[in-house]
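Undergrad: have a look at this prediction, sequence included:
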There are 4 protein chains.
Amino acid sequence: MNVLLDASKKDTKLPAITRAAVALFVTRGVASTTIREIARAAKVAEGTLYRHYESKEDLARDILETSLATFTSFLDRKAREHPSLAGRLRGMSEAFAEAYEDNPDVARFILFSHAAEVARLPKQMRMPRNVVLDILKEAQAAGEIPKDADREMLQAMILGALARVLLAKAYGDLKGGLREKAAEAATWLQRMMGVA
Amino acid sequence: MNVLLDASKKDTKLPAITRAAVALFVTRGVASTTIREIARAAKVAEGTLYRHYESKEDLARDILETSLATFTSFLDRKAREHPSLAGRLRGMSEAFAEAYEDNPDVARFILFSHAAEVARLPKQMRMPRNVVLDILKEAQAAGEIPKDADREMLQAMILGALARVLLAKAYGDLKGGLREKAAEAATWLQRMMGVA
Amino acid sequence: MNVLLDASKKDTKLPAITRAAVALFVTRGVASTTIREIARAAKVAEGTLYRHYESKEDLARDILETSLATFTSFLDRKAREHPSLAGRLRGMSEAFAEAYEDNPDVARFILFSHAAEVARLPKQMRMPRNVVLDILKEAQAAGEIPKDADREMLQAMILGALARVLLAKAYGDLKGGLREKAAEAATWLQRMMGVA
Amino acid sequence: MNVLLDASKKDTKLPAITRAAVALFVTRGVASTTIREIARAAKVAEGTLYRHYESKEDLARDILETSLATFTSFLDRKAREHPSLAGRLRGMSEAFAEAYEDNPDVARFILFSHAAEVARLPKQMRMPRNVVLDILKEAQAAGEIPKDADREMLQAMILGALARVLLAKAYGDLKGGLREKAAEAATWLQRMMGVA
DNA sequence: AATGAATGAGTGTTCATTCAT
DNA sequence: GATGAATGAACACTCATTCAT
């Protein structure tokens, strides 16, 4: 299954371009990556990029938007496979792990994009933040967590924690399988929320 | 007190330059910020920047390195004002809040620098990560948290959570005073670690 | 009758191409017109242009050369329908008007091509200038105009005047029918030459 | 005296740029002239051009606008040195000659700019056309030419004739001094208008 | 130390041309 | 003949850096 980026287009050069672009974006940043580098990495002529995207910014924005939308709904789905907050924290943690396993570059690109890039996305776009906020709201309604808990802060803490665990994995700081780590992270989060 | 960036130099134009640079770096990113923009914002001629720094990269690296070193030792100090893990989590949370209050731009620049920029720092440099790792080690030695807990993962979760709370504040998503939010965040972290 | 451009080819896409090309050349200039624009305007694929012409320059040169040759002989014919200089001036003036009525774009393309484009035409090619020079020579031989009149200058004045009248018409500066204006212009030229 | 282009700026590289640009524009056309060519011809770095002009189009427009404004008022002044239409035709003819002698490239650039370039000029800008129209109006008021003569057409004929004479000179088709030719052209125009 | 005009390598982008279908 | 995706050289333009003042 393709969690982050649908590369199942016809036999166009688009998948190669996208893959090469993300890999470069994630290591050097969008601004420091040149069109020439992307083209070379994708084994494509420079002009070919402009058949698929209007500009470099458009390419970056499109990848971010598409991947982020895919991940957001994947996160939502994985969370809602469970009824309880405890299960949902576990589901979200697994979603992060699976996304990373599916495509580490894209996962990092999504989770650590610069604010300037995120600002270019559609204003009303549903984000991981919205998924977590909804889940927390439901948990409050169900009496699983205190009604007066600051959801915005909890959402920031949960996503911040999960994202940084992935980054640690990417940096090689984390020993062991990602799935096990995800389960472990979920357990800590459940303790934090008092639903262990 | 100056938590992040010492601007108390003689009557040189350096403080104006660093202040302008950070503000731009944090909104547009280092690569997308031009020397001309920095010079204009600092009300200084373009060439003047080269009296103080060898290059734009050098400027960015120097600010990051200096601020990060300052913050790291500040974080260490604030944590070690307390003997218990509970107190230290509270101290670190406060360190984040104070750093942000002292200079929001610099705080964000430190906490959300791109991997490529961090990679340029001295290999052996002490980072917030090392502060937290040491504290967790001591907490394990004191029996406050399980001996088999994965410190790397906990460090990632703690710093990820605190950093993202700051980002939420910067985005205006968080209502209320930062100090109160810091106390609240510390409480959640204490629950997570079982030291509430 | 086709005065400027023979579009009566078989059922090829050539006429559509030349028509579209001239329209674009005349408004944007040859250099600023792209193959893609021509192809789009002619409802033809870009590659199709290269079935008919070797290059964009070749296309422009061919249109210019063909149309100019057609116009030059048309101008000659219309002039020589009359024996006197007065009549011939009238005939030439009518030739300009008819050419414009036949195909305004092509007429403007011929009359206001850039020097660089004209320079690419065959060196020995007969031009409107040659037609007028011959007619002036004959008028001198017939004693209609002074033997010492500078034919080159007169030719420039006559063609410059007639061409610019057409341009004024194209710009919408000229009220009234073009044929009447042509007659009027001829009258002024006849006065100039003293053959009214 | 500087008839067309004021090159008396401080000791900047602007005059060299302007001179080189006009020379290239007039032989190859604006669109076909590259920034590199201009820079090389002006013995200046490419980036230097952008200290003085925002873009290549801006450069072309600025030169055209400035030179055309200068020429238009020069034409006006030379014409109005005389009270009669005959004198004014002579004055205008001289203005053309002097402009060409002052700077042949600029004169040609003005008189034979492509329609697309002229279209970019300020809408309300005074043009040679307006000068001639005013003079013809006054000549009609003074009874020197018929009240019902089409001024637009006469203006086109006069300017077209004078411009093309200059072009003939530039092409080397015209023998003799330009001033003498100007006087001769003026005589023909006076005959045309019936004020010889 | 400070200036800012000048530099030119390097960037994103365009577009005439090719060629497999 | 016709197509249009792919190409890559060439373009306009940017910007970090230098240096004479």
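TA: Cool, the structure landed.
Undergrad: how many other residues sit next to the nearest residue to A:R28 once chain neighbours are set aside?
TA: In space, and not counting its chain neighbours, A:R28 is closest to B:A116: 5.7 Å by C-beta to C-beta, 6 or more residues apart in numbering or on different chains. Yep, even glycine has a C-beta here, placed from its N, CA and C like the rest. By other C-beta atoms under 10 Å in any protein chain shown, 14 other residues sit near B:A116.
Undergrad: so what's the residue count around A:K56?
TA: Residues lying near A:K56 (other C-beta under 10 Å) number 18.
Undergrad: how far out from the middle of the chain is whichever strand or helix holds A:G47?
TA: Here A:G47 is covered by helix A:46-52, with elements defined by DSSP states H and E. Distance of helix A:46-52 from the chain centroid (C-alpha atoms, centre = their mean, to the nearest Å) equals 26 Å.
Undergrad: my guess is A:D76 meets A:V132, correct?
TA: No: A:D76 is beyond contact range of A:V132, at 9.7 Å (criterion: C-beta atoms under 8 Å).
Undergrad: how near is A:Q155 to DNA strand F?
TA: Taking C-beta to the nearest atom of the strand, to the nearest Å as the measure, A:Q155 falls 35 Å from DNA strand F.
Undergrad: in contact with that residue, which residues?
TA: Counting by C-beta atoms under 8 Å, 6 or more residues apart in numbering or on different chains, A:Q155 makes contact with A:129, A:132-133, A:136, B:168.
Undergrad: farthest pair in those?
TA: Farthest apart among those by C-beta to C-beta are A:L136 and B:A168. That separation is 13.5 Å.
Undergrad: buried residues in the helix or strand bottoming out on mean pLDDT in chain A?
TA: In chain A, no helix or strand scores lower on mean pLDDT, DSSP states H and E than helix A:115-118, which sits at a mean of 88. Residues of helix A:115-118 classed as buried by neighbour count (16 or more other C-beta atoms under 10 Å in any protein chain shown): A:117-118.
Undergrad: okay, that helix in PDB with CA atoms only?
TA: Provided in PDB are the C-alpha atoms of helix A:115-118 (Å, rounded to 0.1, in the frame of the first residue of the first chain):
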ATOM      1  CA  ALA A 115       7.300  27.100   8.200                       C
ATOM      2  CA  ALA A 116       7.700  29.100   4.900                       C
ATOM      3  CA  GLU A 117       6.800  26.000   2.900                       C
ATOM      4  CA  VAL A 118       3.800  25.100   5.100                       C
END
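Undergrad: for the nearest residue to A:E46 once chain neighbours are set aside, give its distance to DNA strand F.
TA: Computed as C-beta to C-beta, 6+ apart, the closest residue to A:E46 that is not its neighbour in sequence is A:A39, at 4.5 Å. Taking C-beta to the nearest atom of the strand as the measure, A:A39 and DNA strand F are separated by 8 Å.
Undergrad: in this structure A:A39 contacts A:R51, no?
TA: No: here A:A39 lies out of contact with A:R51, judged by C-beta under 8 Å, at a distance of 11.8 Å.
Undergrad: which one's more surrounded, the two?
TA: Between A:A39 and A:R51, counted using other C-beta under 10 Å, the more crowded position is A:A39 (18 against 12).
Undergrad: quick one: contacts for that one?
TA: By C-beta under 8 Å, 6+ apart, the neighbours of A:A39 are A:45-46, A:48-49.
Undergrad: any idea which of these is closest to D:M193?
TA: Nearest to D:M193 out of the contacts of A:A39 is A:E46 (C-beta to C-beta; 60.9 Å).
Undergrad: pLDDT averaged over the helix or strand where the residue nearest to A:E46 lies - what is it?
TA: Per DSSP H and E, A:A39 falls inside helix A:35-41. Taken as a whole, helix A:35-41 carries a mean pLDDT of 96.
Undergrad: touching DNA strand E at all, that helix?
TA: Yes: Helix A:35-41 reaches DNA strand E (C-beta under 7 Å from any atom of the strand) through A:35-36.
Undergrad: buried ones in that helix?
TA: Judged by neighbour count using 16+ other C-beta under 10 Å, the buried positions of helix A:35-41 are A:38-39, A:41.
Undergrad: now swap in stretch A:176-191 and tell me
TA: For stretch A:176-191, the buried set under the neighbour-count rule, 16+ other C-beta under 10 Å, comprises A:178, A:181-182, A:184-191.
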